[in-house]
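Peer 1: I need the structure of the sequence given here:
(chains A, B, C, D, E and F)
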Protein chains: 6
Amino acid sequence: MTKTLADFQDERQQANERILHDGDNRVTKRFFRLDGEAYEDGALPTKTKELLGLVASLVVRCDDCITYHVIQCARHGVNEAEFEETLAVALIVGGSIVIPHLRRAYARMDEVLATV
Amino acid sequence: MTKTLADFQDERQQANERILHDGDNRVTKRFFRLDGEAYEDGALPTKTKELLGLVASLVVRCDDCITYHVIQCARHGVNEAEFEETLAVALIVGGSIVIPHLRRAYARMDEVLATV
Amino acid sequence: MTKTLADFQDERQQANERILHDGDNRVTKRFFRLDGEAYEDGALPTKTKELLGLVASLVVRCDDCITYHVIQCARHGVNEAEFEETLAVALIVGGSIVIPHLRRAYARMDEVLATV
Amino acid sequence: MTKTLADFQDERQQANERILHDGDNRVTKRFFRLDGEAYEDGALPTKTKELLGLVASLVVRCDDCITYHVIQCARHGVNEAEFEETLAVALIVGGSIVIPHLRRAYARMDEVLATV
Amino acid sequence: MTKTLADFQDERQQANERILHDGDNRVTKRFFRLDGEAYEDGALPTKTKELLGLVASLVVRCDDCITYHVIQCARHGVNEAEFEETLAVALIVGGSIVIPHLRRAYARMDEVLATV
Amino acid sequence: MTKTLADFQDERQQANERILHDGDNRVTKRFFRLDGEAYEDGALPTKTKELLGLVASLVVRCDDCITYHVIQCARHGVNEAEFEETLAVALIVGGSIVIPHLRRAYARMDEVLATV
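Peer 2: Okay, the predicted model is just below:
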């Protein structure tokens, strides 16, 4: 994992601009907006929804999604113990094939919590 | 979905007894215990962990897992609005292939909330 | 596969009404609308997009999705040879774990083509 | 699991005939032949290859594939202890989402071993 | 995504030679041939089949498969609007976990269309 | 694949230490122990169980898992012909989306067998 969090966020931002501003597909643009709305405060607070996003990203084994939700979780106050319990649920649900992603999630968590 | 919640729970119980009492595999037995411990109260309350279990079950599209976690969520006080927001996160994360499971999850939620 | 196409469509319709009319989640409702728009005529005709939906449903192994797209494909003029070639691509991409779904897809195709 | 092993095998046979004899797709027909050849005795005996097929079917959570490979394993002399250890590997690799399939795999194993 | 298209194709070619010429497995060699035949012109033209391959690659989230089919699609005349609509179908079917692959698919599409 | 086997093993070791020694989650620690126990000699020898782990890793398309089990298989005496047949089963079960992982598995196998 040589890519820094800053690089991750720059590349993500640029790629999103390619899709949303230079691109010309209404369905895709609307989906991106919906993706944001799904995590807004509601009956459940954003913090809980970001934990939902993190556990979902882990069991489907999507590293970029994991990095994104680790950042979002930390922004909404998730602490190390809460992260570890969420990762443990993902590990039990998804099995040993989650472990490589768990390793990277711990590294991202350490990076993110060090900068909060 | 012709199987009632009561039948679901009876069959689940019997099948678990086959594996855990008549069966003879230590790894499997220990995994089942770990699977219970992962949802115990800790830094995060069981209610939140059951929501994590539900969203994970939806994005990996496992109907029996969904039914189980819908039951557990309701037991720990998840209400209809909280269920709907959790299902919406799963739908956005997992896409339209989640929809058949979402339909069944709504039906299970209605069944479970009617009996709480 | 004892459920008839008519029953499949009735149950689907009722479950969608539960989610969209009795339900109260804006993200979910908007996603359902987007799901419809993605298959509208555009640079690619709906017929091609329904074939895309069918192959995607097969490789992710979602039987309800397969049934839905088989119906939609037939409505947009997909014939038996075109169905068979689409199923073959899905089989090569997704491997032998697609076969149980391929068997059911052939049965649904036969049902649907018999009523066109 | 109301479908008997005999019904499973009859339906499987009929559906394969629809695809292979009434159907007209060369790629699909050849894939079915390859699927048979992959499990033939070679550097590894068929018994080991059927265990490979079983564990693969469990981690990708395909019930029909599991039933098929349980039957094939028993035909090639897999005993209950060997089954249980294979199922345990699948459970550890694939996590708790494998459990519903594990329950059905145990039931199929019991059926099959009772008739060997 | 530092690997250029040329490097991608060189590495792919060399790895295939290792498997097909230095390797000695008949099942694997035949599968590779079948994989080529599945996309040949038939009732559906190769262009449509490559779009099927692309959408399938996206929903199962296989970056190398996506790159390969983006190249093949462009060779068979798929234009930017057709690409965007295919990517949108994949996004709706597979949800937000497809987004990291969508970003890379857009970048590959831009590379490929710039050299056609 | 620029990461050497030695680097792979060093990084894996360090990341495991972060999780197991600096980390503080009992469920995760126990799962890691169970993951080791699942492959111990029993009714089936470790060699066969490592082949099970390899085929499972291939069909769920987890490169780190594949590298790990290729190393373990070689340590337990799996030869090239046995590797190739296991990879062929995985290819047939999981389809062409396994191919990028198959290419990397062959490269890892060559590396590992060269150092045995």
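Peer 1: does chain C sit close to the strand or helix carrying A:Ser57?
Peer 2: Using DSSP states H and E, A:Ser57 sits within helix A:46-59. No: using CB under 8 Å from any CB of the partner chain, helix A:46-59 never reaches chain C; the gap is at least 10.7 Å. Where C-beta positions appear, they are placed from N, C-alpha and C, glycine not excepted.
Peer 1: run through who's touching the helix or strand following that helix.
Peer 2: Remark: after helix A:46-59, the chain's next helix or strand is helix A:63-75, criterion DSSP H and E. The contact list for helix A:63-75 (CB atoms under 8 Å, 6 or more residues apart in numbering or on different chains) reads A:5, A:8-9, A:12, A:39, A:47, A:50-51, A:53-54, A:56-58, A:82-83, A:86, A:101, A:104-105, A:108-109, A:112-113, A:116, B:93, E:96-97, E:99-100.
Peer 1: angle of helix A:63-75 against helix A:46-59?
Peer 2: Here the directions of helix A:63-75 and helix A:46-59 differ by 160 degrees (axes from the mean of the first three to the mean of the last three CA atoms, to 10 degrees).
Peer 1: buried set for helix A:63-75?
Peer 2: Judged by neighbour count using 16 or more other CB atoms under 10 Å in any protein chain shown, the buried positions of helix A:63-75 are A:Asp63, A:Asp64, A:Cys65, A:Ile66, A:Thr67, A:Tyr68, A:His69, A:Val70, A:Ile71, A:Gln72, A:Cys73, A:Ala74.
Peer 1: packing partners for whatever helix or strand comes next after that helix?
Peer 2: Toward the C-terminal end, the helix or strand that comes next after helix A:63-75 (DSSP H and E) is helix A:80-94. On a contact count with 3 or more CB pairs under 8 Å, 6 or more residues apart in numbering or on different chains; DSSP states H and E, helix A:80-94 meets helix A:46-59, helix A:63-75, helix A:99-115, helix B:46-59, helix F:26-37.
Peer 1: find the centremost residue of chain A, please.
Peer 2: Centrality entry for chain A: nearest residue to the mean C-alpha point is A:His69, 1.9 Å, by CA atoms, centre = their mean.
Peer 1: quick revisit: which one, of the helices and strands packed on helix A:80-94, ends up nearest to E:Phe32?
Peer 2: Checking these against E:Phe32 by CB to CB gives helix A:99-115 as the closest, at 27.4 Å.
Peer 1: quick check: closest non-adjacent residue to A:Val93.
Peer 2: B:Ala56 (4.5 Å; CB to CB, 6 or more residues apart in numbering or on different chains).
Peer 1: and chain A, which residues reach chain F?
Peer 2: A:61, A:81, A:84-85, A:87-88, A:91-92, A:96-97, A:99-100, A:102-104, A:106-107, A:110.
Peer 1: which among the residues you listed count as buried?
Peer 2: Applying 16+ other CB under 10 Å to the residues of chain A next to chain F flags A:61, A:84-85, A:87-88, A:91-92, A:96-97, A:99-100, A:102-104, A:106-107 as buried.
Peer 1: quick revisit: what mean pLDDT does the helix holding A:Ser57 have?
Peer 2: The pLDDT scores in helix A:46-59 average 98.
Peer 1: could you export it as PDB, CA atoms only?
Peer 2: Provided in PDB are the C-alpha atoms of helix A:46-59 (Å, rounded to 0.1, in the frame of the first residue of the first chain):
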ATOM      1  CA  THR A  46     -24.200   9.200   9.700                       C
ATOM      2  CA  LYS A  47     -21.700   7.600  12.000                       C
ATOM      3  CA  THR A  48     -23.700   4.400  12.100                       C
ATOM      4  CA  LYS A  49     -24.300   4.500   8.400                       C
ATOM      5  CA  GLU A  50     -20.600   4.900   7.700                       C
ATOM      6  CA  LEU A  51     -20.000   1.800   9.800                       C
ATOM      7  CA  LEU A  52     -22.600   0.000   7.700                       C
ATOM      8  CA  GLY A  53     -20.700   1.200   4.600                       C
ATOM      9  CA  LEU A  54     -17.400   0.000   6.000                       C
ATOM     10  CA  VAL A  55     -18.700  -3.500   6.900                       C
ATOM     11  CA  ALA A  56     -20.300  -3.800   3.500                       C
ATOM     12  CA  SER A  57     -17.100  -2.800   1.800                       C
ATOM     13  CA  LEU A  58     -15.200  -5.400   3.700                       C
ATOM     14  CA  VAL A  59     -17.400  -8.400   3.000                       C
END
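Peer 1: A:Tyr39 versus the residue nearest to A:Phe32 when sequence neighbours are not counted, what's the distance?
Peer 2: The spatial neighbour of A:Phe32 that comes closest, neighbours along the chain excluded (CB to CB, 6+ apart), is A:Leu20 at 6.0 Å. From A:Leu20 across to A:Tyr39, the span is 18 Å (CB to CB, to the nearest Å).
Peer 1: residue of chain A nearest chain D, please.
Peer 2: A:Gly95 (2.9 Å; CB to the nearest CB).
Peer 1: what's the per-residue pLDDT of that residue here?
Peer 2: A:Gly95 is given a pLDDT of 98.
Peer 1: show me the contacts for it.
Peer 2: D:Val59, D:Leu91, D:Ile92, D:Val93, D:Gly94, D:Gly95, D:Ser96, D:Ile97, D:Val98.
Peer 1: now the end-to-end length of stretch A:66-85.
Peer 2: In stretch A:66-85, first residue to last residue: 15 Å (CA to CA, to the nearest Å).
Peer 1: just give me how far it sits from the chain centre.
Peer 2: Offset of stretch A:66-85 from its chain centre (CA atoms, centre = their mean, to the nearest Å): 8 Å.
Peer 1: equivalent analysis for stretch A:23-30, please.
Peer 2: Worked out by CA atoms, centre = their mean, stretch A:23-30 lies 22 Å from the chain centre.
Peer 1: so which bits of it are buried?
Peer 2: A:Gly23, A:Asn25, A:Val27, A:Thr28, A:Arg30.
Peer 1: now A:Arg61. Its backbone dihedrals?
Peer 2: phi 60, psi 60 (degrees, to the nearest 10).
Peer 1: I'd guessed it sits against A:Val98; true?
Peer 2: Yes: the pair A:Arg61 / A:Val98 is scored as a contact, 6.6 Å apart, by CB atoms under 8 Å.
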